[in-house]
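Novice: just coords:
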């Protein structure tokens, strides 16, 4: 019995199919890795800012302690370039004195091209006062 359609030889078709799948899969894997890197840096920057704010919020601690502590944490956990833009200020929130530490940095892309991702993290702590 004959078939209606001619039977085609499909030998060698696995290579083009593999290449087409890789063209979608590789950028997807790099995008997931970039998101993971940005989230790691953001979480570490937030932890460093909060730690710096807590260091300066203790009783009789100088406000400059926040900047040095945040920079120390960033240099130990990430890299020196993330510790460059650290700002500290004392603010009032509902009449309560708080220390606010803001850390800004740019996370480089995983590949050789493309813009970096700007990341901004803020940490706050209530300033302790003598009774």
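Specialist: Everything's here; your move. Note that the structure is a prediction, hence the values are computed from the model and not measured.

Novice: switch to C-alpha atoms for all contacts and neighbour counts from now on
Specialist: Fine.

Novice: The lengthiest strand in the chain: partners in the sheet, and parallel or antiparallel?
Specialist: The longest strand of the chain (DSSP state E) is strand 96-107. Strand 96-107 has the following strand partners under DSSP bridges: strand 85-93 (antiparallel), strand 117-126 (antiparallel).

Novice: which sections of this protein are below the confidence cut-off?
Specialist: For the chain, residues meeting the criterion pLDDT under 70 lie at 1-12, 111-114.

Novice: Out of the strands paired with strand 96-107, which is the most enclosed?
Specialist: Ranked by mean neighbour count under mean count of other CA atoms under 10 Å, the strands paired with strand 96-107 are led by strand 117-126, which reaches a mean of 18.

Novice: Name the residues of the longest strand of the chain that are buried.
Specialist: Residues 97, 98, 99, 100, 101, 102, 103, 104, 105, 107 are the ones in strand 96-107 that count as buried (16 or more other CA atoms under 10 Å).

Novice: how about the residues you listed in CSV, adding distance to residue 91?
Specialist: Formatted as CSV, those follow (distance: CA to CA, whole Å):
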residue, distance to residue 91
97, 6
98, 5
99, 6
100, 7
101, 10
102, 12
103, 16
104, 19
105, 22
107, 28
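
Novice: Most widely separated two among those residues?
Specialist: Of all pairs drawn from the buried residues of strand 96-107, the greatest distance, 32.0 Å, lies between 97 and 107 (CA to CA).

Novice: List the first helix or strand encountered after the helix or strand that contains residue 42 toward the C-terminus.
Specialist: Under the criterion of DSSP states H and E, residue 42 resides in helix 14-57. Next helix or strand after helix 14-57 toward the C-terminus (DSSP H and E): helix 64-77.

Novice: Distance from the chain centre to that following helix, please.
Specialist: 17 Å (CA atoms, centre = their mean, to the nearest Å).

Novice: Can you pull out the residues in contact with it?
Specialist: Outside of helix 64-77, the residues within contact range by CA atoms under 8 Å, 6 or more residues apart in numbering are 44-45, 48-56, 80, 82-84, 86-88, 101.
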